[in-house]
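A.B. asks: Here is the input, now give the coordinates:
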Amino acid sequence: MVHCGPVRWPVRGAELARQERAEQTRNAILEAAASRFDAVGFLGASLSDILAEAGVTKGALYFHFKSKEDLADALIDEQFTVWEPLSAIEQPGLQTVIDLTQGMAASLRSDVRVRASIRLVIEQGSFLTPAGNVYKQWIDTIHGCLLAAKVAGDLRKEVSAHDLAQLVVGSFTGIQLNSQVLTGRSDLLERVTFMWTTILSSVVPPRRQHRFNPAGTVGVMEPATA
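C.D. replies: Numbers count the residues shown, from 1 in each chain. A predicted model of the protein is given here:
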């Protein structure tokens, strides 16, 4: 009689299937939570409403997230996915920052998770453990790009890269809120373009201003040379 060893393919297949179902459940919960947070904010969203929209049990939710605050933290991290396509750029600079803000503006119009993430950060005073470092993380990211721009000669000598990074984050935050209230963000891309048109004329040497597209680009431009 031929002895056959244990068959492992079905086991591995079953494990992969379980992992896939778990990931689908987690995504369904995040999508439902984003929808509720975007619509009514952190305080207005109840776990029961999130469960109903996701179509999952309370046990499934608590398997992935410990609390509503934990859900909110996971969604806040979603906004940083906007940086991922730009993070591998070898020579980031001023156009990288422009593209980042235009990418965020586009995501705010099309991605409920990013919208929820931004609203949660703005409402951070409602959290038991506020995500107070989110603004600092964006400022630091932009600051790094602007330091490279300063070295390349793309910023006027008197411009502080850190002060400009704070200005960009603060301006973008206010502009997207204003656009949300007045037009449901339908004009957000145009508002951000105007923001950059104004900033570029103030911080970039005149001979280099033509190198930058305030409306954003598909890819970051080649490093500028004098």
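
A.B. asks: And the residue nearest the centre of the protein?
C.D. replies: Nearest residue to the geometric centre of the chain (C-alpha atoms, centre = their mean): residue 79, 2.0 Å.

A.B. asks: And that one, how far from residue 116?
C.D. replies: Going from residue 79 to residue 116 by C-beta to C-beta, to the nearest Å gives 9 Å. To be clear about C-beta, it is placed using only N, CA and C from the backbone, and glycine gets the same treatment.

A.B. asks: ditto for residue 189
C.D. replies: 20 Å.

A.B. asks: Settle it for me: which of those two has more neighbours?
C.D. replies: More neighbours sit around residue 116 than around the other of residue 189 and residue 116, counting by other C-beta atoms under 10 Å; the figures are 28 against 17.

A.B. asks: so what's the residue nearest to the centre of the chain closest to, chain neighbours aside?
C.D. replies: residue 117 (4.0 Å; C-beta to C-beta, 6 or more residues apart in numbering).

A.B. asks: Return the set of buried residues in the helix or strand that contains the one you found.
C.D. replies: Of the helices and strands defined by DSSP states H and E, residue 117 is found in helix 112-122. Neighbour counts using 16 or more other C-beta atoms under 10 Å place 112, 113, 114, 115, 116, 117, 118, 119, 120, 121 of helix 112-122 among the buried residues.

A.B. asks: And stretch 205-220, by the same measure?
C.D. replies: Those buried within stretch 205-220 under the rule 16+ other C-beta under 10 Å are 208, 211, 212, 213, 214, 216, 220.
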